[in-house]
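Chemist: No sequence on hand, only this structure:
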């Protein structure tokens, strides 16, 4: 059945590998089940209902990715977009959360319409192969940086970012940082020995060591500081009533306040821009590292992937959550050998299971998944080896794209700056180089420049 649906042999994989990859991807994404409700509840949305909306919309989007594109990419409400939703649109600009959901819904519908046209696929194909390798490497640094933050290894300081010393809080952040590094070592050793499921074993190993540390008093939960018990607890139960209060609120026109139509359109396009280019960046980066691109740098099945992403956003807004997008954590499953939609399908099934067993998945500590992200970041960074550093018209734009992603904390901004630099440098360095700039690339560069000037 799986062979017929997902063509496993054609992709040199098997059911066991795909299921392991799906579980690994889910384990690295499970934090969204805890973080998304925490962020969106700041707007007044019921946290329990947001948790169910997060899990259900993620599952639906993953199923769409599996059957529409047969690609191993998983989707969920995106980090960054949820913060923009809560802290900027609602708390800073004063819109109701129902209005913010309506903006996400409109964005999703536009996104879906664009996915049915050649526009987004054309953008993907227009990006030069050099920049695609750079995007993959940039995402590697980006997710490694996220992993370092999850493990409390970096913190803000006089230099904006600095090393967080273990001894400063040895029973909370300190021990978590140490356990994360142990997790990286476990993954690296197992990967060297070609052990199947090395990343998943590393996550579970770091988590188990953490529970042992809590049992002997080395790790001490501090709820006020955000360090919770590492043991799963079913005390809170499920939240179906709260979920019922969320469903359809994006269409509750009595609660929607479009007080400034210009501001509302700007908000909607902000969601749309980040969604489009975060998704493109993730697809480019993960597919490049997994050698899924053809000889022309195109991704077979990309139209289905883009459509799945847009459906996820639209369904998510109807259910009660912020923009659903393709997750960079999908790279963890790809690193485990995931190559087909069966990986995405298994991840989606686990999101459904999480609705009932959410306490287990919410208990997966961030430092454990941080270990996986740091290691996968290394795997993706190796894409830089395919960049021709002797050709500065190719290398400099690639370099800008790579450093922009972690330092600006945005995949979309990395793509924007990479394209701008690529177009300007090649247009100004001779006739032969000007031929490399397609009309679509020139238009994208101009639009990005205008965006930075006026938005």
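Modeler: Thanks, I have the structure now. Since we're looking at a predicted model, the values are computed, not measured.
Chemist: Residue 359 reaches residue 232, doesn't it?
Modeler: Yes - using C-beta atoms under 8 Å, residue 359 is in contact with residue 232, at 4.9 Å. All C-beta atoms are positioned from the backbone trio N, CA, C, and that covers glycine.
Chemist: Now the residue positioned nearest the centre of the chain, what are its backbone angles?
Modeler: Central residue of the chain (C-alpha atoms, centre = their mean): residue 327, 2.7 Å from the mean position. Note on residue 327: backbone dihedrals following degrees, to the nearest 10 are phi -90, psi 140.
Chemist: Let me know the pLDDT of it.
Modeler: We note a pLDDT of 90 for residue 327 in this prediction.
Chemist: Now do the strands in the stretch 1-150 of the chain.
Modeler: Remark: strands assigned in the stretch 1-150 of the chain by DSSP state E, counting those that start in this stretch are 75-77.
Chemist: neighbour count winner among residue 359 and residue 232?
Modeler: Neighbour count, other C-beta atoms under 10 Å: between residue 359 and residue 232, residue 359 has more, with 17 against 14.
Chemist: pLDDT wise, what is the more buried one at?
Modeler: Residue 359 carries a pLDDT value of 72.
Chemist: Could you do residue 60 as well?
Modeler: We have a pLDDT of 98 for residue 60.
Chemist: In this structure it contacts residue 348, no?
Modeler: Yes - counting by C-beta under 8 Å, residue 348 is a contact partner of residue 60 at 7.4 Å.
Chemist: Those two - which one has more neighbours?
Modeler: residue 348 (26 against 22).
Chemist: Pull out the buried residues from the biggest helix by length in the chain.
Modeler: Assignment by DSSP state H gives helix 261-289 as the longest helix of the chain. By 16 or more other C-beta atoms under 10 Å, the buried positions in helix 261-289 come out as 264, 267-289.
Chemist: same thing with stretch 72-87?
Modeler: By 16+ other C-beta under 10 Å, the buried positions in stretch 72-87 come out as 72-82, 84-86.
Chemist: Same question for stretch 219-229.
Modeler: Using 16+ other C-beta under 10 Å as the test for burial, stretch 219-229 gives 219, 227.
Chemist: what about it, average pLDDT?
Modeler: 88.
Chemist: now swap in stretch 22-32 and tell me
Modeler: Stretch 22-32 shows a mean pLDDT of 91.
Chemist: what sits up against it?
Modeler: The contact list for stretch 22-32 (C-beta atoms under 8 Å, 6 or more residues apart in numbering) reads 54, 58, 72, 74, 76-77, 79, 150, 197, 199-200, 203-204, 327, 329-330, 332-333, 335-336, 338, 342-347, 349-351, 354, 361-362, 364, 366, 369, 372-373, 376.
Chemist: One more: stretch 158-177?
Modeler: With C-beta under 8 Å, 6+ apart as the contact definition, stretch 158-177 has outside contacts at 151-156, 178, 210, 213, 218-222, 225, 227, 365-367.
Chemist: Out of those residues, list just those in helices.
Modeler: Of the positions in the contacts of stretch 158-177, 178, 210, 213, 366, 367 sit in helices, assigned by DSSP H.
Chemist: what number of residues lie near the first one?
Modeler: Pointing back at residue 178 there. Look at residue 178: counted by other C-beta under 10 Å, it has 20 neighbours.
Chemist: From residue 210, how far out is it?
Modeler: Separation of residue 178 from residue 210 (C-beta to C-beta, to the nearest Å): 10 Å.
Chemist: Same question for the fourth one.
Modeler: According to C-beta to C-beta, residue 366 and residue 210 sit 11 Å apart.
Chemist: So these two - more neighbours on which side?
Modeler: Using other C-beta under 10 Å, the more surrounded residue of residue 366 and residue 210 is residue 210, with 24 against 21.
Chemist: quick one: contacts for that one?
Modeler: 175, 176, 179, 219, 230, 365, 367, 368.
Chemist: want to throw the residues you listed into CSV with distance to residue 18?
Modeler: Below are the contacts of residue 210 laid out as CSV (distance: C-beta to C-beta, whole Å):
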residue, distance to residue 18
175, 35
176, 31
179, 29
219, 34
230, 29
365, 26
367, 27
368, 22
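Chemist: which of those are buried?
Modeler: Burial by neighbour count, 16+ other C-beta under 10 Å: within these this picks out 175, 176, 179, 219, 230, 365, 367, 368.
Chemist: ok now do the third one, which residues does it touch?
Modeler: In other words, residue 179. Residue 179 is in contact with 151, 206, 209, 210, 213, 367, 368, counting by C-beta under 8 Å, 6+ apart.
Chemist: change it to 6 Å
Modeler: Residue 179 makes contact with 206, 209, 210, 367 under the criterion C-beta atoms under 6 Å, 6 or more residues apart in numbering.
Chemist: same check, this time on the fifth one
Modeler: Counting by C-beta under 6 Å, 6+ apart, residue 230 touches 210, 211, 214, 365.
Chemist: distance of it from residue 377?
Modeler: To residue 377, residue 230 is 24 Å away according to C-beta to C-beta.
Chemist: what do you get for the third one?
Modeler: Distance of residue 179 to residue 377, given as C-beta to C-beta: 18 Å.
Chemist: What of the second one?
Modeler: Using C-beta to C-beta, one gets 18 Å for the distance from residue 176 to residue 377.
Chemist: What about residue 67, how many residues nearby?
Modeler: For residue 67, using other C-beta under 10 Å, the count is 15.
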